[in-house]
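A.B. asks: give the three-dimensional model of this entry:
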Amino acid sequence: MTKKNRFYITTPIYYPSGKLQLGNTYTTVLADSVARFHRALGEDVFFLTGTDEHGLKIQEKAEAAGKSEMEYLDEMAVSIKKLWKLMNISYDKFIRTTDAYHERVVQHIFKKFMDQAKEKAVVGNNSVTLIDGIKLASLVQKYQLHITPVQT
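C.D. replies: Here you go, the predicted model:
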């Protein structure tokens, strides 16, 4: 038995602070075309797309619409999926960064990163300075990260 070649392709995960733009559709159509080409070659293809559902703009858009962030995001995800269905986009997985499993995996990866960085870090003044001088606290604030400790 011959083993199939595996091929993985992803679009950017789109930021749903409004309706998708032509560029979003363009990259998705291109990724879909490449995925279909590799399927036609008989390869085992996995095509991922989705949405990045965190940030201040999301919160502001939801508030302006008089909705909770999750209500707003759920509606945006549905509208994007409807568009991809209309366009017959052949994705295998639609990921949302608010999915519980996604958050768990990111927390796990972040914990591993921090564990590895500890030996290369200087701790002081309630912040962690990594070897290149970046303060973790400033990254958390700048990118509005929500860090939840992971129990292993």
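A.B. asks: A strand includes Phe94, no?
C.D. replies: Yes. When DSSP: H, G, I helix; E, B strand; the rest coil is applied, Phe94 is found to be in a strand.
A.B. asks: give the contact list for it.
C.D. replies: By CB atoms under 8 Å, 6 or more residues apart in numbering, the contact list for Phe94 reads Thr49, Gly50, Thr51, Ala77, Ile80, Lys81, Trp84. Where C-beta positions appear, they are placed from N, C-alpha and C, glycine not excepted.
A.B. asks: Asp44: how many residues sit nearby?
C.D. replies: 12 (other CB atoms under 10 Å).
A.B. asks: could you do the one 10 residues further on as well?
C.D. replies: When counting by other CB under 10 Å, one arrives at 18 neighbours for His54.
A.B. asks: if you skip the residues just before and after it, what's nearest to it?
C.D. replies: Nearest residue to His54, sequence neighbours excluded (CB to CB, 6 or more residues apart in numbering): Thr97, at 5.9 Å.
A.B. asks: cool, and Ala35?
C.D. replies: In space, Ala35 is closest to Phe47, 4.1 Å off (CB to CB, 6+ apart).
A.B. asks: for that neighbour, give me its contacts.
C.D. replies: Taking CB under 8 Å, 6+ apart as the test, what Phe47 contacts is Ile9, Thr10, Ala31, Asp32, Ala35, Ser90, Tyr91, Asp92, Lys93.
A.B. asks: let me know the secondary structure of the fifth one.
C.D. replies: When you say that, I think you mean Ala35. Going by three-state DSSP: Ala35 is helix.
A.B. asks: what residues are up against it?
C.D. replies: Counting by CB under 8 Å, 6+ apart, Ala35 has contacts Phe7, Ile9, Val45, Phe47, Ser90, Tyr91.
A.B. asks: again with the second one
C.D. replies: Thr10 is in contact with Ala31, Phe47, Leu48, Thr49, counting by CB under 8 Å, 6+ apart.
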